[in-house]
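> Okay, sequence plus prediction incoming.
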Amino acid sequence: MKFTFVTLFENLISPYFKDSILKRAIENKKIEIDFKNPRDYTKNKHNKVDNYQAGGGAGLLMLPQPLCDLLDIVKKQNPQVHIIFPVPSAKPFRQIDAKRLAKKDHIVFVSGRYEGIDERVIEEYADEVFSIGDYVLTGGELASLVMSDAISRNIKGVLGNEDSLSEESFEDGALEAPSFTKPNIFKGSPIPSEFLKGNHAIICSLKKEMSGLKTKYFRPDLFLRNIKG
Ligand code: ADE
């Protein structure tokens with residue numbers, strides 16, 4: 001999988017890939033990343049990448065021309081690219097999207113800054129638009145990182161232990177059950193005794209029950225969606 005990040009601020013994104021699991025994924029050639037800066041594609045005298053909003057309104061928007069020229073080149077090099085615009089006014093990004101997108105060859109994330117991107121650019125180039133939550137960030141970089149991280153860990157060979165994928169939150173539409181490690185008693189609180197006895201069928205059903213309770217308490221919306229199917 002190749003991720004191309006279109007951003008004015010490469011340094012907001014690149015350090016995340018220099019450590020831990022994603023660093024190893026790059027070393028093992030499971031993922032590849034590159035960066036494209038819209039400023040390098042400007043045609044005006046001062047390399048301006050923003051302008052006032054038509055009809056007024058607070059803040060500046062990113063100019064269409066540099067973004068469009070950049071994306072045209074990316075698409076020419078690989079017509080199969082999947083272009084994603086992270087924006088707050090979009091459908092939520094979910095685990096099933098991360099799993100589905102992990103099968104793509106090349107994803108391009110276009111990060112807006114200022115008050116966002118001219119809607120016509122999104123209309124013309126977006127294969128998908130996603131929001132990562134009901135709040136507004138200062139730009140799309142964090143959202144692009146969040147999505148690329150969630151997608152990467154669903155690519156075969158990126159995680160050391162792929163079994164962990166099948167047990168985690170959202171896999172079956174529920175939150176993951178609590179987990180425990182040593183010591184058996186921590187600050188007076190013991191690990192549930194069944195976890196220490198090693199009967200996997202019992203542990204499995206206990207985890208299922210805990211997962212249901214946790215989902216009902218913290219995410220009643222998910223719980224109800226599950227019941228309704
Ligand atoms: N850009 C700014 N806020 C965002 C959000 N919540 N999700 C995706 N992109 C964004």
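Looks like it arrived, so ask away. Numbers count the residues shown, from 1 in each chain.

> Run through this structure and note the low-pLDDT ranges.
229 (pLDDT under 70).

> Now do the strands in this protein.
2-6, 32-36, 50-52, 60-62, 82-86, 106-110, 128-130, 185-186, 189-190 (DSSP state E).

> To the ligand, which of these lies closest?
The ligand sits nearest to strand 82-86 of all the strands of the chain, at 3.4 Å, using Cβ to the nearest ligand atom. C-beta: built from backbone N, CA, C; applies to glycine.

> Direction included, what does the closest one pair up with?
If you go by DSSP bridges, strand 82-86 pairs up with strand 106-110 (parallel), strand 128-130 (parallel).

> Tabulate those (JSON lines), appending mean neighbour count and distance to the ligand.
As requested, the strands paired with strand 82-86 are exported to JSON lines (neighbours: other Cβ atoms under 10 Å; distance: least, Cβ to the nearest ligand atom, whole Å):
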{"stretch": "strand 106-110", "mean neighbour count": "23", "distance to the ligand": "10"}
{"stretch": "strand 128-130", "mean neighbour count": "19", "distance to the ligand": "6"}
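
> can you redo the ones you listed as TSV with distance to Ile117?
Below are the strands paired with strand 82-86 laid out as TSV (distance: least, Cβ to Cβ, whole Å):
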stretch	distance to Ile117
strand 106-110	7
strand 128-130	10
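
> can you tell me which residue is nearest the centre of the chain?
Nearest to the mean C-alpha position of the chain, by Cα atoms, centre = their mean, lies Met147 at 1.1 Å.

> residues touching that one, list them.
84, 86, 93, 97-98, 101, 109, 130, 132 (Cβ atoms under 8 Å, 6 or more residues apart in numbering).

> who wins for neighbours among those?
Ile84 (28 neighbours; other Cβ atoms under 10 Å).

> Do a quick rundown of the helices in the chain.
Using DSSP state H, the helices assigned to the chain run over residues 10-13, 20-27, 64-77, 95-101, 119-125, 141-152, 163-167, 193-197, 200-218, 220-228.

> can you tell which of those helices is closest to Pro38?
Among the helices of the chain, the nearest to Pro38 by Cβ to Cβ is helix 64-77 (4.1 Å).

> since we're on Ala201, how many residues are nearby?
Taking other Cβ under 10 Å as the criterion, the count of residues near Ala201 is 7.

> Repeat that for Asp118.
Using other Cβ under 10 Å as the criterion, the residues surrounding Asp118 number 19.

> and the gap between Gly159 and the ligand?
Just so we're on the same page, residue 159 is Leu rather than Gly. 25 Å (Cβ to the nearest ligand atom, to the nearest Å).

> just checking, that residue touches Glu168?
No - if you go by Cβ atoms under 8 Å, Leu159 and Glu168 don't touch, sitting 10.4 Å apart.

> Neighbour count for those two, which is higher?
Neighbours per residue (other Cβ under 10 Å) separate Leu159 from Glu168, with Leu159 holding more: 17 against 13.

> Skipping adjacent residues, who's closest to that one in space?
In this structure, Leu159 finds its nearest non-sequential neighbour in Arg153, 5.5 Å apart by Cβ to Cβ, 6 or more residues apart in numbering.

> swap in Lys208?
Nearest non-adjacent residue to Lys208, counting by Cβ to Cβ, 6+ apart: Ala177, 7.3 Å away.
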